[in-house]
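Engineer: next one to model:
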Amino acid sequence: MSNECVIEVLMVDDDEGDTLMAQEAFEDIGFPHNFHIVHDGIQALDFMEKKGEFVDAPDPDFVLLDINMPRMNGHEVLDWIRHHHKYELIPVVILTTSHSDEDIFKSYKGRANSFVTKPTDIREFNNAVRAIREFWFSVARLPTLKK
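Structural biologist: Residues are numbered from 1 along each chain as shown. Coordinates of the predicted model:
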């Protein structure tokens, strides 16, 4: 058995259909990972701060983040991540329905690692998530966080 690390993926998105499709697209990732889903920004912060129902949550190594969510939007979550030393280096990919130049600019200014507009076609959505997965988990190297 390999001593490979398990990659902890956190998806923050209020659309249950999109989270299910993304989770399925990650299933054939080719190395150990856990896929965690929260449905708004407040839950994302609770997950990362290990509060309430997330007291035993692992530290995420990678975040898929929607912008348009109730209670706390993705830009606010990104800002929180980038201002918390423990998480400031983890890759954050914005995966959203927005096509707005303002959202794209604000995401990159907030130090998102990439911005992907969710395709509306199911096949194209799966291809986009697989491309994200392929790049971040086969081509790029993730930082090793001090946990």
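Engineer: and the helices in the protein, which stretches?
Structural biologist: Using DSSP state H, the helices of the chain run over 16-26, 41-49, 74-82, 101-109, 122-134.
Engineer: center of the protein - which residue?
Structural biologist: In the chain, the C-alpha nearest the mean C-alpha coordinate belongs to Leu64, at 1.7 Å (Cα atoms, centre = their mean).
Engineer: please list all residues in contact with it.
Structural biologist: Counting by Cβ atoms under 8 Å, 6 or more residues apart in numbering, Leu64 touches Val9, Leu10, Met11, Val12, Asp13, Ala22, Val93, Leu95, Ile132. C-betas here are computed from N, CA, C, even on glycine.
Engineer: ok, 7 Å please
Structural biologist: For Leu64, the contacting residues are Val9, Met11, Ala22, Val93, Leu95, by Cβ atoms under 7 Å, 6 or more residues apart in numbering.
Engineer: report the beta-bridge partners for it.
Structural biologist: Met11, Val93 (DSSP bridges).
Engineer: can you list the helices of the chain in CSV and add mean pLDDT and mean neighbour count?
Structural biologist: As requested, the helices of the chain are exported to CSV (pLDDT from 0 to 100; neighbours: other Cβ atoms under 10 Å):
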stretch, mean pLDDT, mean neighbour count
helix 16-26, 86, 16
helix 41-49, 97, 21
helix 74-82, 97, 20
helix 101-109, 96, 14
helix 122-134, 86, 15
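Engineer: possible to save the ones you listed as CSV with distance to Ala57?
Structural biologist: Converted to CSV, these look like this (distance: least, Cβ to Cβ, whole Å):
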stretch, distance to Ala57
helix 16-26, 16
helix 41-49, 5
helix 74-82, 15
helix 101-109, 24
helix 122-134, 21
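Engineer: cool, thanks, signing off.
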